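Colleague: got a sequence here, can you build the structure:
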Amino acid sequence: MLAIMRNKQGFLLIPLMLVIIGCLYYISTFNYLIPHTFIELGVAIVSITIFIIGVNTSQYSRNNFINILSSGYLVVGILTIFHFLTYKGMGVFANNDANIPTQFWIATRYVESITILLGTYCINKKKELKNMHLTITIFICFIITLSIFLGVFPKCYIEGKGLTTFKIISESIINLILLHSGIKLWKNHKDFDENNYIPFLLSIIFRIFSGLSFTLYVDVYGILNFIGHAFLFLSIILTYYSLIKGTLTKPYKILFNNLAEINDELRIKDFAIESATSAIVLADLDDQINDVNQSFLKLLGYQSKEEVLGHKINDFLYTDSMYEINKEIFALNGKWSGEIIAKRKDASMVDVHLTLNYVLSKEGLPLRVMASLLDITDSKKTMSDLIKAKKDAETANNAKSNFLANMSHEIRTPMNGILGFIKLLEKSKINNKQTSYINYIKISTETLLKVINDVLDVSKIEAGKIELESIPFEFRTTVESAVIPFMAKAIEKEIEFKMNIDNRIPKYVIGDPIRLRQVLTNLINNAIKFTEFGFVKLE
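Modeller: Residues are numbered from 1 along each chain as shown. The predicted model follows:
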């Protein structure tokens, strides 16, 4: 009752139950069967409802408590129906006393109390119950019913004398079983929701009070029998509140809360898909389009989804045969991506990157096909421009290399002529000073010719055609020819130029004298250029 009183409904329910009991008592004073049928019919309905809930939720239960109750309450419900239908005033069965309905009553009480006891012992146990337990339950119900109608079941009520000893002892035994069940339930109350176990524990207590009342009455239609039924009415209300209302309300609250969370997640996902820059298509396994996002409509120039729904993905692509081949690869691998040409509403073309994926079920089976189309027109144009720019640069570079090669060739021809005339001048009658000048001019001219050859080498390097020679040459002479042109520059900057060649170096070596002069020329030139005072030494 405490659990019921904790909410506003509880404060209304308690006085409402008392009013109903008062009305039923008033009605019983002139027609006992009406309140009796009302109460017993409630017991039957609640019992069968417990069975239905137990059967449908057994696989989700942590233990066998509700499973056992569901089986037992099926028998309770059926026997309760027989109990109130067998009263002679009901006119359903031909009998002249209250023994048979009382026998059904005591049988019902035995089944219910034993069911509750077994349930409390299975609170912490979970074992899969087979369908056989339902068959056994129905068989027990059949045996009890048959034994009562055949007169095998012990007598419980004798007209004019009242209850039999069997009935009174049975009520006491049933109350002891219920008391033991209540104690067991209290010890295991941590395994229950407080809103469930307290009402159920109170329902057991009211069943015990009901049993005590049913052991005291003599007249079936007396006040004690009605008090017993009043306690039974309170008991069944609490049973309903504990095992039915609590069982159904909480899952539905969870269900609706989960549905709200699912709806929120769906709205978020829907918003993400609708706002995606990629065109997204959702189709069935036959390629028929079920849904598209706004980016798809914008990409292909459509105004509404109705224009594309029901069509196939292939209807919006130009390369039909290519798509079919790709679809076969997709069916094998479960995914595919590549470039393809899409068809706009106005029949114009657009380059897209198409990605195909399966939407899978929990079992990993394909449910839908999701296609993503990304417009790559700009990126392809950029790539084309880059390729063109690269080709243009290569063409310009080749032109430069050809120009350098041609210019080097053109300049080298007159330089060779100058060298020829210098050699002729050397053979003429000139004094020593003039000979010295001619030597300097010759060396400088040869250096200039080497520079021209260097320019030609640059063009060869860019063309990948440079080759190194391996010929004998005089080492000291080659080095001196690279140094002499820079002596005047060193004197001009007022820095000292020193050179030391180790005597252990042989006079002739094998290599590429031109390349050696190129390296020395670059090093000495930079050394003199960046030296402001002091000396430059080649050693």
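Colleague: all the strands of the stretch 301-450 of the chain, in order from the start?
Modeller: All strands of the stretch 301-450 of the chain, identified by DSSP state E, counting those that start in this stretch, fall at 335-343, 349-360, 366-375.
Colleague: er, the chain actually
Modeller: Ranges of strands in the chain, per DSSP state E, are 157-158, 162-163, 279-283, 289-292, 335-343, 349-360, 366-375, 471-474, 496-499, 508-511, 535-538.
Colleague: same list (the strands of the stretch 301-450 of the chain) but as CSV, adding mean pLDDT, distance to Ser170 and mean neighbour count.
Modeller: To be clear about C-beta, it is placed using only N, CA and C from the backbone, and glycine gets the same treatment. Formatted as CSV, these follow (pLDDT from 0 to 100; distance: least, CB to CB, whole Å; neighbours: other CB atoms under 10 Å):
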stretch, mean pLDDT, distance to Ser170, mean neighbour count
strand 335-343, 81, 72, 15
strand 349-360, 83, 61, 17
strand 366-375, 84, 60, 18
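Colleague: ok, which of the ones you listed comes nearest Arg515?
Modeller: With CB to CB, the closest approach to Arg515 among the strands of the stretch 301-450 of the chain belongs to strand 335-343: 49.1 Å.
Colleague: which strands and helices lie in contact with the closest one?
Modeller: With contacts taken as 3 or more CB pairs under 8 Å, 6 or more residues apart in numbering; DSSP states H and E, strand 335-343 sits against helix 294-300, helix 320-333, strand 349-360.
Colleague: out of the strands of the chain, which gets nearest to Phe271?
Modeller: Evaluated over those, closeness to Phe271 peaks at strand 279-283, with 12.7 Å, by CB to CB.
Colleague: paired strands for that closest one, with orientation please.
Modeller: Next to strand 279-283 in the sheet, as set by DSSP bridges, lie strand 289-292 (antiparallel), strand 366-375 (antiparallel).
Colleague: can you tell which of those strands is closest to Phe233?
Modeller: In terms of CB to CB, the element of the strands paired with strand 279-283 nearest to Phe233 is strand 366-375, at 52.2 Å.
Colleague: what's the closest non-adjacent residue to Met349?
Modeller: Ile341 (5.2 Å; CB to CB, 6 or more residues apart in numbering).
Colleague: show me what the one you found is bridged to.
Modeller: Beta-bridge partners, per DSSP bridges, of Ile341: Asp351.
Colleague: how near is it to Tyr318?
Modeller: 4 Å (CB to CB, to the nearest Å).
Colleague: okay, and the common contacts of those two?
Modeller: Met349 (CB atoms under 8 Å, 6 or more residues apart in numbering).
Colleague: tell me how far the residue nearest to Met349 lies from Asn314.
Modeller: Ile341 sits 12 Å away from Asn314, going by CB to CB.
Colleague: which stretches of the stretch 151-300 of the chain form helices?
Modeller: Taking DSSP state H, counting those that start in this stretch as the criterion, the stretch 151-300 of the chain carries its helices at 165-187, 194-214, 223-239, 246-274, 294-300.
Colleague: turn the ones you listed into a markdown table, including mean pLDDT, mean neighbour count and distance to Thr478.
Modeller: Formatted as a markdown table, the helices of the stretch 151-300 of the chain follow (pLDDT from 0 to 100; neighbours: other CB atoms under 10 Å; distance: least, CB to CB, whole Å):
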| stretch | mean pLDDT | mean neighbour count | distance to Thr478 |
| --- | --- | --- | --- |
| helix 165-187 | 85 | 17 | 110 |
| helix 194-214 | 79 | 21 | 106 |
| helix 223-239 | 76 | 22 | 116 |
| helix 246-274 | 61 | 11 | 74 |
| helix 294-300 | 86 | 19 | 70 |
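Colleague: closest one to Thr37 among the ones you listed?
Modeller: helix 223-239 (10.6 Å).
Colleague: report the rounded mean pLDDT for stretch 109-116.
Modeller: Taken as a whole, stretch 109-116 has a mean pLDDT of 86.
Colleague: neighbouring contacts of it?
Modeller: Under CB under 8 Å, 6+ apart, the answer for stretch 109-116 is 68-69, 71-73, 75-76, 79, 140, 144, 170-171, 174, 177-178, 181, 204, 207, 211.
Colleague: which residue of this protein lies farthest from its centroid?
Modeller: Lys429 (100.6 Å; CA atoms, centre = their mean).
Colleague: hey, where'd the helices end up in the stretch 351-500 of the chain?
Modeller: 377-426, 432-463, 475-483, 487-492.
Colleague: which among those is found nearest to Glu532?
Modeller: Nearest to Glu532, of all those, is helix 487-492, at 12.2 Å by CB to CB.
Colleague: which parts of the closest one are buried?
Modeller: Using 16 or more other CB atoms under 10 Å as the burial criterion, the residues of helix 487-492 that qualify are Ala490.
Colleague: what helices or strands is it leaning on?
Modeller: Using 3+ CB pairs under 8 Å, 6+ apart: helix 487-492 touches strand 496-499.
Colleague: about what we covered before: among the strands of the stretch 301-450 of the chain, which comes closest to His83?
Modeller: Of all the strands of the stretch 301-450 of the chain, it is strand 366-375 that lies closest to His83, at 52.8 Å by CB to CB.
Colleague: show me the contact partners of that closest one.
Modeller: 277-285, 287, 290, 296, 299, 313, 334, 342, 350-361.
Colleague: flag the shaky bits of the stretch 401-539 of the chain, pLDDT-wise.
Modeller: When residues are selected by pLDDT under 70, those of the stretch 401-539 of the chain lie in 401, 404-413, 416, 458-466.
Colleague: mind doing that once more with 50?
Modeller: Of all residues in the stretch 401-539 of the chain, none has pLDDT under 50.
Colleague: and Val152, backbone torsions?
Modeller: phi -80, psi -30 (degrees, to the nearest 10).
Colleague: hang on, the earlier thing: now render the strands of the chain as a markdown table, adding distance to Tyr87.
Modeller: Below are the strands of the chain laid out as a markdown table (distance: least, CB to CB, whole Å):
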| stretch | distance to Tyr87 |
| --- | --- |
| strand 157-158 | 12 |
| strand 162-163 | 16 |
| strand 279-283 | 64 |
| strand 289-292 | 62 |
| strand 335-343 | 73 |
| strand 349-360 | 62 |
| strand 366-375 | 59 |
| strand 471-474 | 134 |
| strand 496-499 | 138 |
| strand 508-511 | 130 |
| strand 535-538 | 133 |
